[in-house]
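Enquirer: I need the structure of the sequence given here:
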Amino acid sequence: MSQSSAVPVVERADAHHRYEILVDGKRAGVTEYRDVDDQRVFFHTEVDDAYAGQGLAALLVQQALTDTRTSGKRIVPACPYVAKFVKRHDEFAGITDPVTPDVLRWLEAELG
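Expert: The predicted structure is shown next:
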């Protein structure tokens, strides 16, 4: 594993329903979502093994949730990593909704 000196950049890729974290211009990880009404349902977060141990997942999710708040949407943390993150970061408690069976059924239908 090599450490990069480049500053990671998080971008929202609406066409792919995800946020990407880029290091040296290369995609190092993603957190994926689907929007339903005023909620953004996060269902998967992944960082490539080559970038493990650099705190990129936390940076990615932090910026994705901040962007979600700025967009006026609420967070539904169906992704275990995002769920753990919001439990540790009270600043998102006021805009976080529970993962309900209805949300999970909707998500399953949405993802096919």
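Enquirer: just give the number of residues close to the closest residue to Y51 other than its chain neighbours.
Expert: Of all residues not flanking Y51 in the chain, A28 sits nearest, at 4.1 Å (Cβ to Cβ, 6 or more residues apart in numbering). (C-beta placed from N, C-alpha, C; glycine too.) As a burial measure, A28 scores 24 neighbours (other Cβ atoms under 10 Å).
Enquirer: now A28: how far from F92?
Expert: The gap separating A28 from F92 is 23 Å, by Cβ to Cβ, to the nearest Å.
Enquirer: returning to that earlier point: contact partners for the residue nearest to Y51?
Expert: Applying Cβ atoms under 8 Å, 6 or more residues apart in numbering, we find A28 in contact with 8, 21-22, 47-48, 50-51, 56.
Enquirer: hmm, which of the residues you listed are the buried ones?
Expert: 8, 21-22, 47, 51, 56 (16 or more other Cβ atoms under 10 Å).
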